[in-house]
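**Q** curious how this folds, go ahead:
(one chain, ligands or ions: 1)
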Amino acid sequence: MTSRHCEKCGYPLFEKDGKIICANCTEEEEESSQLATDAALHLKRAELLTRLSETKDLNEIEHILKCLHFIKELI
Ligand SMILES: [Zn+2]
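**A** Predicted coordinates for the structure are as follows:
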């Protein structure tokens, strides 16, 4: 335990593996993986939009639109 306290919640900060962490807000990893997911989804959406503008296949258009709809719900 260190003598410092978390800026967000005021909990005492711990030192682990050379990093200062708060036992109460340990969402740091979740947040960064959420950001990675968002980034991947945005990238995928851009790819799908490109494909959508290029394809004339109705089945593919339908499929792409469904995928875009799912992505929209996730981000
Ligand atoms: Zn905290």
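**Q** measure Ala40 to the ion for me?
**A** In this view, Ala40 and the ion are 28 Å apart by Cβ to the ion, to the nearest Å. Heads up, the C-betas are built off the backbone N, CA and C, glycines and all.
**Q** helix or strand for that residue, which one?
**A** For Ala40, the host element (DSSP states H and E) is helix 28-54.
**Q** show me what from this protein comes close to the ion.
**A** Contacts of the chain with the ion, taken as Cβ under 5 Å from the ion, map to 6, 8-9, 11, 22, 24-25.
**Q** show me which of those residues are buried.
**A** 6, 22 (16 or more other Cβ atoms under 10 Å).
**Q** so what's Ile61 closest to, chain neighbours aside?
**A** In space, and not counting its chain neighbours, Ile61 is closest to Thr55: 6.0 Å by Cβ to Cβ, 6 or more residues apart in numbering.
**Q** scratch that, Asp38 is what I was asking about
**A** Ile75 (5.7 Å).
**Q** could you do His5 as well?
**A** Leaving out its chain neighbours, the residue that sits closest to His5 by Cβ to Cβ, 6+ apart is Pro12, at 5.8 Å.
**Q** do the same with Lys44
**A** Lys44 sits nearest to Ile71 (Cβ to Cβ, 6+ apart), 6.4 Å away.
**Q** contacting residues for the one you found?
**A** Contacts here follow Cβ atoms under 8 Å, 6 or more residues apart in numbering; on that basis Ile71 touches 41, 44-45, 48.
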